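Q: just the structure for this:
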Amino acid sequence: MKLNRLLQIIFGFVLLFSVSCTSDYEEIIPEITYNNGLFITNEGKFQTPNADVTFVTKDLSLMQNEIYKVKNNENLGDVLQTMVINGDKAYLLLNNSNKITIVDRVTFKKTGEITAQINNPRYMAVANGNLYISNDQYGGAKYVGVYKLSDNSFVKKIDFASTSTVENVVEAGGAIFVQNASYGFGNTITKINTTSNTIDGTPITVPNGDISKTISSNGSVYTIAGTATDSYIYQISPAGTITKTTTLTGIAKGRNIQVDGGRYYFSSLNKIYSMDMNSTTVPSPLFTTAETDPNFAVYGFSVIEGRIFVSDVKKFTAPSEITVYTTAGTVISKFTAGIGATSVYKNY
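A: Okay, the predicted model is just below:
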């Protein structure tokens, strides 16, 4: 089914009704909120402050684009790289604006901002009362910045070698794991002790392939790495040990690892795969998307509670089209989000 911009119509109705009220009779209009639904982060066009967030209700029946701009009457910023939801707040990382904007996760009204010691931020994770932010300046500093969640104050900088890469950061077992790989190059992950906020031991090296994405689920870290011919999924314990390797022979350059309902989901170019986490049988594609350009194929990919969200970003020339599939690969919904739609986050 196709979603209409119904929440936008509701906003317009609320505004019209409010203006129509007279001083003799004041009607209280309940504020539209964004709980019990999904957030979709839209990067926006590079060097243009048109990044924003799309909201979709849990049942996919209603949606609203540009919710930050609607609620705060200002542009969010340039390149919304990622989002972290913690407690009653959502943290929005603006890569090219060099800031973290903090909003109430229900009203989406701005409550704060982090700019200290931010330089080309990439990803975030929460552990031990702190927010950990990776920063990777091209040709410059590589570090993870640590901030107190209680007051957003800067705690310290954990430096990495200038020859390293500091990309995805995830939490598992109270530790932070930093992916030292990007754009299909690199094969190590570094563990950070969140009590001392120092690097813990030597980097974890995956034996085969270059890492493309690292996530955490159910207390473990999962990373997918690939070569020109094969791919590998590695499970890493909170102690920093590779405990399981799943070999995907014949599937080249695996990307976009997700874990949901005891299954792995991932992509290779424009093909989507699914397999039981305990299986050793290499799966066949679940379905194939239309975009074949390796820079844009399956640019946005999330799996949440049995629904697969795939974003076609139209090469950043038009609003993104989100297609939602069942785990069997059947299309159940399509709708248009913002420019450069990437990840989906549940807010319930």
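
Q: next, count neighbours for the closest residue to residue 223 other than its chain neighbours.
A: In space, and not counting its chain neighbours, residue 223 is closest to residue 214: 4.2 Å by C-beta to C-beta, 6 or more residues apart in numbering. For every residue, glycine as well, the C-beta is placed using N, CA and C. Per other C-beta atoms under 10 Å, the neighbour tally for residue 214 reads 24.

Q: residue contacts, residue 214?
A: If you count contacts by C-beta atoms under 8 Å, 6 or more residues apart in numbering, residue 214 has them with 167, 168, 170, 177, 179, 189, 221, 222, 223, 257.

Q: element containing it?
A: Using DSSP states H and E, residue 214 falls within strand 210-217.

Q: any idea of the mean pLDDT in that strand?
A: Strand 210-217 comes out with an average pLDDT of 98.

Q: that strand pairs with which strands, and in what direction?
A: Partner strands for strand 210-217, per DSSP bridges, with pairing direction: strand 220-226 (antiparallel).

Q: residues in contact with the partner strand?
A: For strand 220-226, contacts defined as C-beta under 8 Å, 6+ apart pick out 170, 172, 177, 179, 184, 187, 189, 206, 208-216, 231-238, 243, 251-257, 259, 264, 266, 268.

Q: how far off centre is that strand?
A: Mean-position distance between strand 220-226 and its chain equals 16 Å (C-alpha atoms, centre = their mean, to the nearest Å).

Q: show the subsequent helix or strand relative to it.
A: Counting by DSSP H and E, the element after strand 220-226 in chain order, helix or strand, is strand 231-236.

Q: for the next helix or strand after that next one, buried residues please.
A: The helix or strand immediately downstream of strand 231-236 is strand 242-248, counting by DSSP H and E. Buried residues in strand 242-248, counted by 16 or more other C-beta atoms under 10 Å: 242, 246, 248.

Q: okay, the helix or strand following strand 242-248 in CSV with CA atoms only?
A: Using DSSP H and E, the next helix or strand after strand 242-248 towards the C-terminus is strand 255-260. C-alpha atoms of strand 255-260 as CSV (Å, rounded to 0.1, in the frame of the first residue of the first chain):
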residue,chain,number,x,y,z
ARG,A,255,27.2,-5.4,3.7
ASN,A,256,24.4,-4.1,5.9
ILE,A,257,24.4,-6.8,8.6
GLN,A,258,21.3,-6.9,10.8
VAL,A,259,20.0,-9.4,13.4
ASP,A,260,16.3,-10.0,14.0
